[in-house]
Every structure is written in C-alpha cells, then in structure tokens.
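Student: Quick one, fold the following:
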Amino acid sequence: MSSERPYHENARRFFDQYQSVDFEQVHRDWLPLLPHQPGLALDVGAGSGRDARALAERGWQVVAVEPADNLRQLGRTHTAGHDVTWLDDRLPALVKVRALSQRYSLILVSAVWMHLRPEEQQRALRVLTTLLAPGGMLVITARLGESGDEREFFEVSLAALDRWAQDLALLPLAASRSDDQLGRRGMDWQLRVYRLPDDGTGALPVLRHIIVNDDKSSTYKLALLRTLVRLADTAPGIVTRRDDDWVTLPLGAVGLYWLHLYRPLLLDHQLRQSPGSRGYGFAKEDFHRLVQLAPGDMRIGSPLADPDVAATVLRAIRDACQTIVRMPTHYTTWPGGAEPVFTGERRGIRINSQPVRLDIQTLAAFGEYRVPTTLWDCMSRYACWLEPAINHEWVQLMQGYNPQADVGLLHRALTWPESRRETQQVRQLIARRLTTEAPLHCVWSHQDLRRRAYAVDHCFPWSRWQNNDLWNLLPATERANAAKSDRLPAAALMENARQDILAWWEVLDAEPNLADQFRDEAQASLPLLPDGADLAQLFDSVLLQRQRLKANQQLAEWQGLAS
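Tutor: Predicted coordinates for the structure are as follows:
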C-alpha cells in the first residue's frame, strides 16, 4: 500500500527517529491511566517497537502490528527477548489480529490514524472496539495537517471520532493536544483515550442459555457445543474463512470431533444419550467399527494407510455430519426465537477404499459449518471454563437416561479420548537420531543429548493444553523437563531456544513418514499459519499460541534452568 511504502523504503531513518524519543515522554498524557495489572496489549502501527518493548518491560504481553516489512524487521530485532509477537497486518480490517480470537486490555494506535482515509476511519474504530476486552482501554494519537514529506496524510475529524466512539458505547477517558516531541514547528498532536465498559457481544449469556436453559431431548446439543469449543481451543487453524459475522469450518472437522466424544460413551460404556431405547442416527455399522482404532489414529492430520479403515472412518464422519446438521444445528436456536444459532451445509462425497489423510482438505470435502464470530471468539477465550460447564450439564442429563450408572463413571466417560500424553513417535525418532553423527541438543539448555538422559517435553504444558502434535514435542534433558514441569516457557526462553527448536523441526520435516503429519497438525492447531509456511513462520505461529495460552489461562512461566 502507498501509505506503507515510505516506512518500508526509509525504515532505518524512521526507526532512528522513533527511538530518539522516550516512550514515557511521548505518552505522558495517558500513561497515568495505564492499568496497574498488566495483560494482553495490541500495538497497531508498532513501527520501531519502542512502545511494544516499553510495555513488555512493564509486564504486558504485546502483539505488535506493523505492515512495513523493513521497519517490522528492525522492530522485531529491537524487541527480541521480550514478550512481543509481531504480525504483518493493517487497519482498517486487521484480518490476522481478529483471526486470533483474542481481546486486549490495551490497544495503542499511535501516529497511525492520519494514514487512514476518512471513509476507513469509522470502520477501523468499529474493528478496534470489537478487539477490546471489557474494561479495556483504547489509545489513539493523531498528527493533524500535512506530512511535510513523501507520506500521505488524510483529514482527521476528532469530533467525528468522538461521535463514533459514543455510538459504540466507548467511554471517553482523556483528550489532549500537545506539541511535537521532536521539536518540529507547526505540528499538532491530538490524543483520545476511550474505555469499553462491557463486551457488548452477549456471547457468554447465549452459550450459557444453550448449556443450561435450552430444551434438550438428548445430549446432542451439548455434544455440538463441546465439539465447537474443543475446535476453537485446540484447532484455531481449522478455520477456512472468517468475516465480521461468521467463522467457517470444515464440516468434517465437526463430525470428527463429534465421533471422538460419542465413541467412549456408546462403544466403551454403553451409556444412553437420550430417553428410551431408540438408536442414534450417526451410530451405524461404520461407527461401531471404530472400536478397532485408537483415538490417536483419528486425529486431524492422521494418515489412514489401510484402505478399508480409511473408508470406514470417512463413512462414520459422513454419518455424523448428517446427524449434526439435521438435529442439533437445526434445533439450537437463539434465546426467545426460532432462528438457528449455527448453520451447516453438507456436500456429497464419494468414498472409496483408498488411503487418505485426515487433513483440512479431506475434512472440508464433507461441507461447511458456520459459527457466529462472536461466539467462536468467546469459545476460544473461555474454553477452559466452558468445557467443564458443558460436561457438568451432560452428566446431569445422562443421570436421567442411565439411573443405575455411577456418577464417577459418567464423568470418566466424558474425558476427552486423547487425554493422555503420547510421545512414542518422537521418542523413537530421538533414539534413532542419537545413533547417528548428527548433533541433537536439548532445546532448553543446548546440552548435547548424547551425554545426558533425555526426555520428550511438551513445549506447552500437557496439563493445561492437551496437545500431542509433533511440533509440540521437543527433545530435552530430563533435568530441564522436570524443572519446567507444567509451566509455560517464557518469551525470552522461547527466543533463546529458537535455533534448537528449528533444528529439531527440520528433522521432523525430513522424515518421510512424519513430515505430512507434522505439517497437517501444525496447520490445524496453530493460529495464522499460511499454507506452505516455512519453519520460521511456524515458529512465529507457536509464539502467538504461547501468548494465547498465557492470556486465556494465566499460566505460570518458566524462565529456564538456573545457570
């Protein structure tokens, strides 16, 4: 874009200019309003990274957005070792930021607003407001007048900005005018600070209504809701399309997770899921054959090499998709109305006996499933609280259908089928690697694993995010693995481990039998990972997921082994 070109072509000049003024000096008019409790911050137009680094040094997690490539690279270097994740994104849409499904306690839009055309400014404010957490603060600074150089500035109406903010229920906190901090004559800077008093989406009340109040003739509605919550939490990369209103998923992914939920209930424990003795539309012959497979054989990205097994799984998914669209999707309606909350569209799919992989493309062949964007974002942020609430209500329903069943059994039957650590594939690969001359280091200490007892470490702690994907399993010394325990690696530690993690991923990516699985799993479970991404992009996506877990679950961080 033309507004970005000067910053890209003259990145070093602008970097030096921004760094010549202190964060406290530039933002002194609003810093007294900065919340004492750090949280997740969004720095839009982060430039040199001066502000992002200063916020990170105050304990904030920062997502820094900068569309000018060269300036973004300089900013990334300046913030290295701090809890700052960089994105190539831009106003007014902020497509990538919104795809993260996060809400921010602070959004800083410094020296950006005048780059937006007048017709873009209102949309930009609306988008920024949707990204604010309840009680979150939005800070906008704008320079008025001509740029005086090659940059193009547009008219900024502060009266219009205040009016739009009022329409969006933003509360004004501060407004001021100041002279240019670099001493340039005739330059006028204006500040506006707003706060969002309430999230305004109504997403949590809607979900609570479905969980607790909505009429249920079976457990289907709860199964659909838990399926979607699980996908939002563990597979954010599964989204195929997103706009202001809807998030679109592969229908096959919804069907696959549905099968994961019902398989132990019906096949392992024979627990009724509705009153009476009637059967279930999806539990046909192929569903019952799934008892021959381990849960790990049906993960997103799993290869199904046996042609007959592949056809069985695909037919079971197809039957599940048909039931999902016809039953809980149709009957789960908005409170007080008859309009369905979710929509699903099935496609005809020809199933042959041939090997397949349960990747996104295969799952998309079954059709599309659409979730309101506000509900999807809410599911993503609050999954660790929503899922237990769904399971509690599910147990209550099953007690009515299975009066002789032990309550403890009902709870155990609802345990997610993959709720156990699985590291065998990676452990075998490490063992083979250690028989070669190629180096292999602990990712957290850089120690040679030939001279140390080794372990397979879940980069993101299993106890808080149950993920056995290959990218999440890392070689480490037993000492490092024990010391890390169930803590989240700190941002600086992740940066220090970058080269060793990338080196291990190169090993995975070169394994003929694991490379596709490695890529498919990462594509589904990590946010904003583009098709055909290189390993450096995968690492950036892992950093984003680290921030999501820290913000959503407030996980304790591990700084690494004491020297």
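
Student: Identify each buried residue in stretch 267-274, please.
Tutor: Leu271, Arg272, Gln273, Ser274 (16 or more other Cβ atoms under 10 Å). C-beta: built from backbone N, CA, C; applies to glycine.

Student: Same check on stretch 95-107?
Tutor: Neighbour-count burial for stretch 95-107 [16+ other Cβ under 10 Å]: Lys96, Val97, Arg98, Ala99, Leu100, Ser101, Gln102, Arg103, Tyr104, Ser105, Leu106, Ile107.

Student: In helices, which of those appear?
Tutor: Counted as lying in helices by DSSP state H, out of the buried residues of stretch 95-107, are Lys96, Val97, Arg98, Ala99.

Student: now those in CSV, with pLDDT and distance to Leu514?
Tutor: Shown next, in CSV, are those (pLDDT from 0 to 100; distance: Cβ to Cβ, whole Å):
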residue, pLDDT, distance to Leu514
Lys96, 95, 28
Val97, 96, 32
Arg98, 94, 33
Ala99, 92, 27
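
Student: any chance of those in a markdown table, plus distance to Thr435?
Tutor: Below are these laid out as a markdown table (distance: Cβ to Cβ, whole Å):
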| residue | distance to Thr435 |
| --- | --- |
| Lys96 | 42 |
| Val97 | 45 |
| Arg98 | 47 |
| Ala99 | 42 |
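
Student: so which of those residues comes closest to Ala533?
Tutor: Comparing those against Ala533 with Cβ to Cβ places Lys96 closest, at 13.3 Å.

Student: The spatially closest residue to Asn481 that is not a sequence neighbour in helix, strand or coil?
Tutor: Spatial nearest neighbour of Asn481, chain neighbours left out: Ala455 (3.8 Å); criterion: Cβ to Cβ, 6 or more residues apart in numbering. Applying DSSP: H, G, I helix; E, B strand; the rest coil to Ala455 yields a three-state assignment of strand.

Student: could you measure Ala455 against Glu119, distance?
Tutor: For Ala455, the distance to Glu119 equals 56 Å [Cβ to Cβ, to the nearest Å].

Student: More neighbours: which of those two?
Tutor: Neighbours around Ala455 and Glu119, counted as other Cβ atoms under 10 Å, are more numerous at Ala455. The numbers are 20 against 9.

Student: Bridged to the more buried one, which residues?
Tutor: Taking DSSP bridges as the rule, Ala455 bridges to Ala476.

Student: was I right about it contacting Ala483?
Tutor: No - contact criterion Cβ atoms under 8 Å: Ala455 and Ala483 do not qualify, at 10.9 Å.

Student: Name the spans of this protein whose pLDDT lies under the cut-off.
Tutor: Applying pLDDT under 70 to the chain flags residues 1-2, 145-149, 179-187, 198-201, 418-421, 563.

Student: For Val26, see how far away the residue lying closest to Leu170 once chain neighbours are set aside is.
Tutor: Nearest non-adjacent residue to Leu170, counting by Cβ to Cβ, 6+ apart: Tyr194, 3.9 Å away. Counting by Cβ to Cβ, the gap from Tyr194 to Val26 is 19 Å.

Student: Likewise for Leu375?
Tutor: Using Cβ to Cβ, Leu375 is found at 38 Å from Val26.

Student: neighbour-wise, which of these two wins?
Tutor: Leu375 (24 against 20).

Student: That one falls within a helix, correct?
Tutor: Yes - membership of Leu375 in a helix is supported by three-state DSSP.

Student: How much space separates it from Pro264?
Tutor: 26 Å.

Student: try Leu440
Tutor: Taken as Cβ to Cβ, the span from Leu440 to Pro264 is 37 Å.

Student: before we move on, what about Asp188?
Tutor: For Asp188, the distance to Pro264 - Cβ to Cβ - is 66 Å.

Student: Who has more neighbours out of the two?
Tutor: Comparing Asp188 with Pro264 by other Cβ under 10 Å, the one with more neighbours is Pro264, at 17 against 12.

Student: what about that one, distance to Val291?
Tutor: 10 Å.

Student: Please apply the same query to Pro417.
Tutor: Applying Cβ to Cβ to Pro417 and Val291 gives a distance of 12 Å.

Student: Repeat that for Gln547.
Tutor: Gln547 is 40 Å from Val291, by Cβ to Cβ.

Student: cool, and Ala490?
Tutor: Using Cβ to Cβ, Ala490 is found at 43 Å from Val291.

Student: More neighbours: which of the two?
Tutor: Using other Cβ under 10 Å, the more surrounded residue of Ala490 and Val291 is Ala490, with 18 against 10.

Student: contacting residues around that one?
Tutor: Each residue near Ala490 by Cβ atoms under 8 Å, 6 or more residues apart in numbering is listed here: Asp83, Glu557, Trp558, Gln559, Gly560.

Student: can you pull the contacts of the second one?
Tutor: Glu557 makes contact with Arg487, Leu488, Pro489, Ala490, Lys550, according to Cβ under 8 Å, 6+ apart.

Student: Also the fourth one?
Tutor: Taking Cβ under 8 Å, 6+ apart as the definition of contact, the neighbours of Gln559 are Ala490, Ala492, Leu493.

Student: Check the last one too.
Tutor: Neighbour list for Gly560: Trp444, Ser445, Pro489, Ala490, Leu493, Asn496 [criterion: Cβ under 8 Å, 6+ apart].

Student: Check the secondary structure at it for me.
Tutor: Assignment for Gly560 (three-state DSSP): coil.

Student: Cool, thanks, talk later.
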